[in-house]
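Peer 1: model the structure of this input:
(chains A and B)
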Amino acid sequence: MIEHLPVLLVVLPIVGGTVPLVASLFTDRAGWLVATVTVLVHAALAGLLGWTVWTEGSVSYAVGGFAAPYGIELVVDGLSASVVVLISAVALGVLAYARHAGPHSNAFYSQFLLLVTGLTGMTVTGDVFNLYVFLEITGLAAYGLVASGREASSAVAALKYLIIGTVGASLYLLGVGYALAATGTLNMADLADKLATATGGYDSTLVLTAFGLMVGGLTVKVALFPLHTWQPDAYANAPDSVSAFISALVSTVSAYALARLLFSVFTVDFLEAVPGARWALLALASVSIVAGSALAVSQTNVQRMLAYSSVSQFGLVIAGFTIATPIAVVGATVHLLGHAVMKGGLFAASGIIERETGATTIGGYAGMAARTPVAAGAFAVLALAMVGVPPAVGFLGKWYIVVGAVEAGLWPVVAVLLASTLLTLAYFARLVERLYFAEPTIREDAAVADGGEGTDGSRSSSGYRPDGGASVSTGMIAVVVLAAVLAVALTAAVPALEQLLEQTLPPLLNQ
Amino acid sequence: MSVDDQPGLYVESTIIMTTVRVVAPFVLTFALFIMFHGADSPGGGFQGGVIAGSVVMMLAFAYGIESTRQWLDVRVVVALAAGGVLTFASIGLGTIVLGGQFLQYTEYEVFLSHASKYGIELVELGIGGIVASVAIGLFFLLAAGFGHVVDEEGEA
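Peer 2: A predicted model of the protein is given here:
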């Protein structure tokens, strides 16, 4: 049973995903229950897998009994185990949020479970082509989820996401093709060995092309600066539950896949042998940090601001992985996991604030703390955690990355990292200041007009809107508060994570 | 202009109906032929599934989209999609129950000679069912035009 955990984690949600489809013949409200039961079992299995990796080290699994270089291998080490646990935890949180916030259709929950399948598959796989397959499953489910919004703008955003995302995945596949041509293998561990001894070594044009295409394709999915254009539209136009889910997980798992590529396929030796590749990726990450922050500062819509903030934060994570000293990798992992919790929480909180007050813009947030004290409080805590105020997990991640950059002597990167904290402060401090210390620009009755709904003009903060349910449930509030608590409490888990990574990653970080 | 604005789009044609009636069984057979060839030659569930789905599209062109939609019960489409996934998963999980790895077809050899081949072909049939049902579902969704409640199939 224990040894089958990696494959069961992938099979379980896809089997669960068919149940709402069948159930829709009899009832149209079974989806949530099925998804919750499935994700609860998924979480239990993920926890068991995490425990196994913690006590016994990395787990590998040969699908179909075909031995590693020929068959598909699933490999779970400390890094992938923590990402799998994160996927389960965030999926549970989003389900608690979506129970009231919707969408409620069975098709939505089928796609939700399909997305969980894709994300888990990307995380546990040890095969670069298998990674592509799960990348596509993740992508297709995410496009469908973005399109599940009621407005036409969701459909447009989903179409844009589909076109750009498919280009990214295709670039990655092309890169896999070149890597296969160079080495004749698709298994990650085998590739790492054979790339080193490929004709011409790391410097050969074939290997460099494979690296460029694979990394380039994944940076589209991560949404680094010049390739991020799908992301703000997708996050801002999707339903709140979907925004919280994909902002927390889709780019996160893509960034994990990029890290996996850097450490398990091309390895740190490649980055050292080809400084050009390393500097190119560092430059891309640095540009992303600065440009993402600058774009975030210039937004008026809060959800678009949060989306551009992700562009900047993922620049930080990729910079940490590319620096590739052990401490920077720990920092990047901490920030990767922490960012998922914080950004998912921020999107969920912005959804609650919109429902309770009708505020969607930075101007509209003025003085809203008095109207939605809990959601605004959680929003403020999460925003400060993202900036990197000390007790929060955002601080430790950024600190480790900076220490790693200093150790590696990459001073321009250090300057960008420090500047990024100030820039993050620039857009979040402005928002928190508005929330608490500005005069409201939306009055109780004006909120109805701003929300664009309601006909009697008397929707109070706990008002109920029969068409979409603008009210807020305890579950939604609890999720946001839990995210805020975790943003601080996860700091305590960092030493354990550090130990886990040191136990399972030393072959990858042989410095 | 969507299809339902202009019911006159469909023109009943004896030539098309007769041709489709003659050709459809052969196309469906060819689809199964392609699916069964997934194990040991080019072909497989994806290609065969699309061909099987195209049979329904031919019927829709010959006999009208609405009447084909009514003739083809939505339960059939859902059963093909869900049944395909469940077939694949149960074959894979069955080998775990028998003590092997996921999808280790050789575990079935005790019950049946050449079990690997039959196992792969059953999986290909499952994939074919999924692909055919998604192709059919997407066709009917697109034909229904924008603005309909689209909850029956989604994007699988």
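Peer 1: got the phi and psi for residue A:74?
Peer 2: Here is the backbone geometry of residue A:74 (degrees, to the nearest 10): phi -110, psi 130.
Peer 1: how near is the most centrally placed residue in chain B to chain A?
Peer 2: With distances taken as CA atoms, centre = their mean, residue B:132 lies nearest the centre of chain B, 2.2 Å away. Distance of residue B:132 to chain A, computed by CB to the nearest CB, to the nearest Å: 15 Å. Yep, even glycine has a C-beta here, placed from its N, CA and C like the rest.
Peer 1: report all helices and strands that the helix or strand that contains that residue contacts.
Peer 2: Using DSSP states H and E, residue B:132 sits within helix B:115-144. Using 3 or more CB pairs under 8 Å, 6 or more residues apart in numbering or on different chains; DSSP states H and E as the contact test, the elements touching helix B:115-144 are helix B:14-36, helix B:45-63, helix B:65-71, helix B:74-97.
Peer 1: in CSV, list these along with distance to chain A, mean pLDDT and mean neighbour count.
Peer 2: Listed next are the helices and strands packed on helix B:115-144 as CSV, based on distance: least, CB to the nearest CB, whole Å; pLDDT from 0 to 100; neighbours: other CB atoms under 10 Å in any protein chain shown:
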stretch, distance to chain A, mean pLDDT, mean neighbour count
helix B:14-36, 20, 92, 14
helix B:45-63, 12, 91, 20
helix B:65-71, 16, 87, 15
helix B:74-97, 4, 89, 19
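Peer 1: select, out of these, the one closest to residue A:352.
Peer 2: Nearest to residue A:352 among the helices and strands packed on helix B:115-144 is helix B:74-97; the distance by CB to CB comes to 34.9 Å.
Peer 1: roughly how far is the closest one from the heart of the chain?
Peer 2: 13 Å (CA atoms, centre = their mean, to the nearest Å).
Peer 1: can you list contacts of that helix?
Peer 2: Applying CB atoms under 8 Å, 6 or more residues apart in numbering or on different chains, the contact partners of helix B:74-97 are A:4, A:7, A:11, A:14-15, A:17-19, A:21-22, A:24-25, B:101-105, B:107-108, B:119, B:122-123, B:125-130, B:132-134, B:136-137, B:152-153, B:156.
Peer 1: pull out the buried residues from the residues you listed.
Peer 2: The neighbour count (16 or more other CB atoms under 10 Å in any protein chain shown) marks A:4, A:7, A:11, A:14-15, A:17-19, A:21-22, A:24, B:101-105, B:107-108, B:119, B:122-123, B:125-130, B:132-134, B:136-137, B:152-153, B:156 as buried among these.
Peer 1: wouldn't residue A:180 be in contact with residue A:186 here?
Peer 2: Yes - proximity of residue A:180 to residue A:186 meets the contact threshold set by CB atoms under 8 Å, at 6.1 Å.
Peer 1: shared neighbours of these two, anything?
Peer 2: Residues touching both residue A:180 and residue A:186 (CB under 8 Å, 6+ apart) are residue A:129.
Peer 1: more neighbours: which of the two?
Peer 2: When neighbours are counted by other CB atoms under 10 Å in any protein chain shown, residue A:180 and residue A:186 differ, and residue A:186 comes out ahead with 21 against 15.
Peer 1: contacts only, for the more buried one.
Peer 2: Residue A:186 touches A:127, A:128, A:129, A:130, A:176, A:179, A:180, counting by CB under 8 Å, 6+ apart.
Peer 1: check residue A:162 too.
Peer 2: Applying CB under 8 Å, 6+ apart to residue A:162 gives the contacts A:139, A:143.
Peer 1: residue 72: how many residues sit nearby?
Peer 2: If you meant another chain, say so; for now it's chain A. Around residue A:72 there are 21 other residues, counting by other CB under 10 Å.
Peer 1: that's the wrong chain, I wanted chain B
Peer 2: Neighbour count of residue B:72, defined by other CB under 10 Å: 15.
Peer 1: compute the distance between the closest residue to it other than its chain neighbours and residue A:292, please.
Peer 2: Leaving aside its sequence neighbours, residue B:72 sits nearest to residue B:56 (CB to CB, 6 or more residues apart in numbering or on different chains; 6.3 Å). According to CB to CB, to the nearest Å, residue B:56 and residue A:292 sit 47 Å apart.
Peer 1: again, but for residue A:251
Peer 2: Residue A:251 is 12 Å from residue A:292, by CB to CB.
Peer 1: what do those two both touch?
Peer 2: Common neighbours of residue A:251 and residue A:292 (criterion: CB under 8 Å, 6+ apart): A:310, A:314.
Peer 1: up against chain B, what does the stretch 351-500 of chain A have?
Peer 2: By CB under 8 Å from any CB of the partner chain, no part of the stretch 351-500 of chain A sits against chain B.
Peer 1: got a list of what the residue nearest to the centre of chain B touches?
Peer 2: Counting by CB under 8 Å, 6+ apart, residue B:132 touches B:31, B:49, B:50, B:52, B:53, B:56, B:80.
Peer 1: hmm, 10 Å instead?
Peer 2: Each residue near residue B:132 by CB atoms under 10 Å, 6 or more residues apart in numbering or on different chains is listed here: B:28, B:31, B:35, B:45, B:48-56, B:77, B:80-81, B:84.
Peer 1: repeat for residue A:402
Peer 2: A:316, A:319-320, A:323, A:327-328, A:331, A:388, A:413-414, A:417-418, A:420-421.
Peer 1: Three-state assignment for it, please.
Peer 2: Here residue A:402 is recorded as helix under DSSP: H, G, I helix; E, B strand; the rest coil.
Peer 1: tell me, what's the model's pLDDT at it?
Peer 2: pLDDT recorded at residue A:402 is 93.
Peer 1: same question, the one 10 residues further on
Peer 2: Among the per-residue scores, residue A:412 shows a pLDDT of 90.
Peer 1: residue A:459 too?
Peer 2: pLDDT, residue A:459: 37.
Peer 1: ok, now residue A:136?
Peer 2: pLDDT at residue A:136 comes out at 94.
Peer 1: where's it, which helix or strand?
Peer 2: Using DSSP H and E, the element containing residue A:136 is helix A:128-146.
Peer 1: I'd like the next helix or strand past that helix.
Peer 2: Downstream of helix A:128-146, the first helix or strand assigned by DSSP H and E is helix A:152-183.
Peer 1: packing partners of the following helix or strand past that next one?
Peer 2: Along the chain past helix A:152-183, the next helix or strand (assigned with DSSP H and E) turns out to be helix A:188-197. Packing partners of helix A:188-197 (3 or more CB pairs under 10 Å, 6 or more residues apart in numbering or on different chains; DSSP states H and E): strand A:73-76, helix A:128-146, helix A:152-183, helix A:205-222, helix A:267-273.
Peer 1: could you redo the last one with a cut-off of 8 Å?
Peer 2: strand A:73-76, helix A:152-183, helix A:267-273.
Peer 1: any chance of the ones you listed in JSON lines, with mean pLDDT too?
Peer 2: Converted to JSON lines, the helices and strands packed on helix A:188-197 look like this (pLDDT from 0 to 100):
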{"stretch": "strand A:73-76", "mean pLDDT": "90"}
{"stretch": "helix A:152-183", "mean pLDDT": "92"}
{"stretch": "helix A:267-273", "mean pLDDT": "85"}
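Peer 1: tell me which of these sits most buried.
Peer 2: Neighbour counts (mean count of other CB atoms under 10 Å in any protein chain shown) averaged over each of these peak at strand A:73-76, with a mean of 23.
Peer 1: now look at that strand and say if it contacts chain B.
Peer 2: No - counting by CB under 8 Å from any CB, chain B has no neighbours in strand A:73-76; the shortest distance is 9.1 Å.
Peer 1: from the contact counts, what lies against that strand?
Peer 2: If you count contacts as 3+ CB pairs under 8 Å, 6+ apart, strand A:73-76 packs onto helix A:5-23, strand A:59-62, helix A:106-124, helix A:188-197.
Peer 1: that concludes my questions; thank you for your assistance.
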